[in-house]
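Asks: I would like the atomic coordinates for the input below:
(one chain, ligands or ions: 1)
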Amino acid sequence: MRGNSNAEYRMQNAELRKIHEEGVCEESKMRETGEAFAKINISLDIVSKMDDGYHNMLMVMQSIGLSDEITVECAPGEGISVETGLPYVPGDERNIAAKAALAFFAHTGIKGMKTSIGIRKNIPVCAGLGGGSADGACVLRMMDKMFGTGLTRNELETLGNSIGSDVPFCITGGTALAEGRGDALTDLKQMPACHIVLCKPPFSFSTPELFSLINCEKIRARPDTAGIVDAIEKGDLNGVARRMYNVFEDVLPRGKRDIEDIKYALLDNGALGAILTGTGSAVFGVYDKAADAENAYETLRTSYEDCFLCETTGAVGI
Ligand code: C5P
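Replies: Numbering: from 1, shown residues only. Okay, the predicted model is just below:
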């Protein structure tokens, strides 16, 4: 976490406003590039439904090396745009990256900045990999850096929480236990080194729909979250992988055999464990041996377009 005091931050912010009001910024166009890392759910449990309709979660989350590349440009003016080159990703204020920029401006009081966000999407959308959340978190980090506002990790996470439940985790990523809506985070020791193979079938599940199918009192199997946390602390990869579980697997629409097919292909090629991430539809396997991971990746690639081979990543410093 960066150690700027609130007083320092207010001073910087006041200076920024002054600079802008006096028009000194007119000449300058600011530009920042960054990497937004995807996440996987090592475990996903749903404890209860809250009064506001959201669910109280218990998840072990992990960031991975699959990432979107983001460029943010700000210049004096008005308006916000997002360019991904993908027709099905909104390019306006519905995009979570745009929401992040707007939340940043609202929080810091910075006004009159035309903002253009370019995203090279490598993380498949609607996959349970937190692609949109990672983009939003990355934009918040980049804008904080660009404007020198020195927001604390806590401030960035709170801003992130206002735009999506997985955004707070994506602010730093790494390995964490996520509770509440997903915003109550406890940093964990880094996950033992391993290889991750990811595969997304050519369909997606609706997140609100899958949540609506969950009856918290009737969940038949739950992950051993405490056991996973303990195994992570001990550096026991096998202990982590064999306990992985996602309660959404119990309510998946019938007839989507690909989820099981992918899982068995991952396990048949030596995965220590394989589960659905988030609300899917991507499935991942954890490997201790690079050769097994390679084989799984090559096998799945013959049947599915969206396959990835990567490693887990540590937390980004704030
Ligand atoms: O917060 P976010 O926009 O990512 O959530 C998408 C949807 O997922 C929500 O509209 C809600 O239906 C569901 N959700 C939930 N409980 C959570 C997180 C998400 O019910 N903790």
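Asks: phi and psi next, for A97.
Replies: Listed backbone geometry of A97 is phi -70, psi -40, with angles given as degrees, to the nearest 10.
Asks: how about it, what does it touch?
Replies: Contacts of A97 were listed using C-beta atoms under 8 Å, 6 or more residues apart in numbering, and they are I70, V82, I117, I119, G132, D135, G136, C138, V139. (C-beta placed from N, C-alpha, C; glycine too.)
Asks: name the nearest residue to the residue nearest the centre of the chain, sequence neighbours excluded.
Replies: Residue closest to the average C-alpha location in the chain (C-alpha atoms, centre = their mean): G130, at 3.6 Å. Distances taken as C-beta to C-beta, 6 or more residues apart in numbering put K39 closest to G130, at 4.1 Å, once the chain neighbours are dropped.
Asks: go on, E78?
Replies: What sits nearest to E78 in space, not counting adjacent residues and going by C-beta to C-beta, 6+ apart, is K114, at 5.8 Å.
Asks: and that neighbour, what does it touch?
Replies: C74, A75, P76, G77, E78, G79, I80.
Asks: just the element for it, please.
Replies: K114 is part of strand 113-120 when elements are defined by DSSP states H and E.
Asks: what strands line up against that strand, and which way round?
Replies: When pairing is defined by DSSP bridges, strand 113-120 lines up against strand 55-76 (antiparallel), strand 80-83 (parallel).
Asks: how about the last one: buried residues?
Replies: The reference is to strand 80-83. Within strand 80-83, the residues that qualify as buried are I80, V82, counting by 16 or more other C-beta atoms under 10 Å.
Asks: and that strand, what's its mean pLDDT?
Replies: For strand 80-83, mean pLDDT rounds to 96.
Asks: please compute how far stretch 263-270 lies from its chain's middle.
Replies: If you compare the mean C-alpha spot of stretch 263-270 with that of the full chain, they lie 25 Å apart, counting by C-alpha atoms, centre = their mean, to the nearest Å.
Asks: now the residue nearest to E78: how far from C74?
Replies: Remark: distance between K114 and C74 (C-beta to C-beta, to the nearest Å) = 7 Å.
Asks: ok, how many other residues are close to the nearest residue to G118 once chain neighbours are set aside?
Replies: On the basis of C-beta to C-beta, 6+ apart, the spatially nearest residue to G118 that is not a chain neighbour turns out to be T71, at 4.3 Å. The burial metric for T71, expressed as a neighbour count using other C-beta atoms under 10 Å, is 15.
Asks: gap between T71 and E78?
Replies: Following C-beta to C-beta, the distance that separates T71 from E78 is 20 Å.
Asks: please apply the same query to A134.
Replies: Using C-beta to C-beta, one obtains 27 Å as the distance from A134 to E78.
Asks: what segments of this structure are strands?
Replies: Assigned by DSSP state E, the chain shows strands spanning 30-49, 55-76, 80-83, 113-120, 175-180, 184-187, 195-200, 245-246, 273-276, 283-287, 306-311.
Asks: low-confidence regions, this structure specifically.
Replies: Within the chain, the stretches falling below the threshold (pLDDT under 70) are 1-28.
Asks: what residues does this protein put near the ligand?
Replies: Within the chain, the residues that sit near the ligand (C-beta under 6 Å from any ligand atom) are Y54, H55, M57, G164, S165, D166, R181, G182, T207, P208, F211.
Asks: in ChimeraX, how would I select the buried members of those residues?
Replies: Burial among the residues of the chain next to the ligand is assessed by 16+ other C-beta under 10 Å; the matching ChimeraX selection reads:
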select :55,57,164,165,166,181,182,211
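Asks: which of the residues of the chain next to the ligand sits closest to M30?
Replies: Nearest to M30 among the residues of the chain next to the ligand is G164, at 24.9 Å by C-beta to C-beta.
Asks: one step back: of the contacts of K114, which pair is most distant in space?
Replies: When these are compared pair by pair using C-beta to C-beta, the farthest-apart members prove to be P76 and I80, with a separation of 13.8 Å.
Asks: about what we covered before: just say which of the strands of the chain is most tucked in.
Replies: Each of the strands of the chain was scored by mean neighbour count; the highest is strand 283-287, a mean of 28, by mean count of other C-beta atoms under 10 Å.
Asks: please export the C-alpha coordinates of it as CSV.
Replies: What follows is strand 283-287 as a C-alpha-only set of coordinates in CSV (Å, rounded to 0.1, in the frame of the first residue of the first chain):
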residue,chain,number,x,y,z
VAL,A,283,-13.0,-24.1,-16.6
PHE,A,284,-9.4,-24.3,-15.3
GLY,A,285,-7.0,-27.0,-14.2
VAL,A,286,-4.0,-26.7,-11.8
TYR,A,287,-0.8,-28.5,-12.7
